[in-house]
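>>> next comes the sequence, and after it the predicted model I'd like to discuss.
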Amino acid sequence: MKCFQCKKEITNESKMILISADGDFVCGQNCKDKYETEKAHFFNEIVHSPEKTESYLLGR
């Protein structure tokens, strides 16, 4: 299984952290913190701007 954040293979299952109801895991606290920061930025800064949302979805 790969870490949702860093995409590395999770080798230590005891350190896996579930981050979503979809069954996504991260490999440790550092990746969880990065995921939460990026998620908060997305919902606080990107979602409320149609232009930013379009750019985000198009990978610009």
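Thanks, I have it. Numbers count the residues shown, from 1 in each chain.
>>> going by C-alpha atoms from here, please, whenever you check contacts or count neighbours.
Will do.
>>> mind listing the strands for the protein?
Along the chain, counting by DSSP state E, strands occupy 17-18, 25-26.
>>> the last one - contacts with which helices or strands?
Identification of packing neighbours for strand 25-26 by 3 or more C-alpha pairs under 8 Å, 6 or more residues apart in numbering; DSSP states H and E yields strand 17-18.
>>> what lines up beside the strand it packs on in the sheet?
Strand pairing for strand 17-18, using DSSP bridges, gives strand 25-26 (antiparallel).
>>> for E38, see how far away Y56 is.
12 Å (C-alpha to C-alpha, to the nearest Å).
>>> please name the nearest non-neighbouring residue to C27.
Setting aside the residues directly before and after it, C27 is nearest to M16 in space (C-alpha to C-alpha, 6 or more residues apart in numbering), at 4.8 Å.
>>> show me what contacts the residue nearest to K8 when sequence neighbours are not counted?
Of all residues not flanking K8 in the chain, K2 sits nearest, at 5.4 Å (C-alpha to C-alpha, 6+ apart). By C-alpha atoms under 8 Å, 6 or more residues apart in numbering, the contact set of K2 is 8-10, 25-27.
>>> count of residues packed around L58?
Neighbours of L58 under the rule other C-alpha atoms under 10 Å: 8.
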